[in-house]
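Trainee: Build the 3D model from these lines:
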Amino acid sequence: MWQYSGNERPPFAESPAAGQESVWDYPRPPALHPDPREIVVRAGATIVAESRTTYRVLETASPPTFYIPPDDIRMDMLIDGNGTSYCEWKGAARYWSLKLQDRILENIAWGYDSPNAAFAAISGYVSFYPGRIECLVDGERVRPQPGGFYGGWLTDDIAGPVKGPPGTSHW
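Mentor: Okay, here's the model as predicted:
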């Protein structure tokens, strides 16, 4: 079913401008890359995470997903979320909700306690859904990946189109 693996862009892929990456150049299976840019996650004025030592997961047709080390996250604000999921590449995921003084933001983050060997570097790291909490990359507000399931981080340096909207599940 899957026909794209980062080796050749499909005819409908956007051509990346200077300084952009094409999601169609990302590999499948996905790759893990360290990223030194400043990542900030916040709920209003409350900083939940701030890091320059993250990893990006790059996978064909999807915007990158940033994983933040637990030492750079206010883990005291995270509580167990609902449900689990399974990624064929990373393994079993768990979810977290954010407990604020006046409310709880449900299932805003996920991570892998015991990921598969190729992703061992992100064991215990956490990624956040930019559609559920504000995420920034070097000061740029991240746009969420379309659709309700994926957690990719869309920024101006990404050329698509990206997987997520109706009709893209076969990508």
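
Trainee: Closest to the centroid, which residue in this structure?
Mentor: residue 65 (2.2 Å; CA atoms, centre = their mean).

Trainee: so where does it fall, helix or strand?
Mentor: Residue 65 is part of strand 62-67, with elements assigned from DSSP states H and E.

Trainee: ok, now which ones touch residue 70?
Mentor: Contact partners of residue 70, counting by CB atoms under 8 Å, 6 or more residues apart in numbering, are 124, 125, 126. (Each C-beta comes from the backbone N, C-alpha and C, glycine too.)

Trainee: low-scoring pLDDT stretches of this structure, where are they?
Mentor: For the chain, applying pLDDT under 70 flags the ranges 1-2.

Trainee: hmm, what's the outermost residue in it?
Mentor: residue 102 (26.7 Å).

Trainee: circling back: of the contacts of residue 70, which belong to strands?
Mentor: Among these, the residues falling in strands (DSSP state E) are residue 126.

Trainee: Take the contacts of residue 70 and lay them out in JSON lines including neighbour count and distance to residue 150.
Mentor: Shown next, in JSON lines, are these (neighbours: other CB atoms under 10 Å; distance: CB to CB, whole Å):
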{"residue": "124", "neighbour count": "14", "distance to residue 150": "22"}
{"residue": "125", "neighbour count": "22", "distance to residue 150": "18"}
{"residue": "126", "neighbour count": "25", "distance to residue 150": "16"}
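
Trainee: of all the contacts of residue 70, which comes closest to residue 13?
Mentor: Residue 13 lies nearest to residue 125 out of these, by CB to CB, at 29.4 Å.

Trainee: thinking again about what came up before, ok, what's across the strand from the residue nearest to the centre of the chain?
Mentor: Beta bridges link residue 65 to residue 57, judged by DSSP bridges.

Trainee: Give me the three-state assignment for the residue farthest from the centre of the chain.
Mentor: Using DSSP: H, G, I helix; E, B strand; the rest coil, the structure places residue 102 in coil.

Trainee: Look up how far residue 83 lies from it.
Mentor: According to CB to CB, to the nearest Å, residue 102 stands 24 Å off from residue 83.
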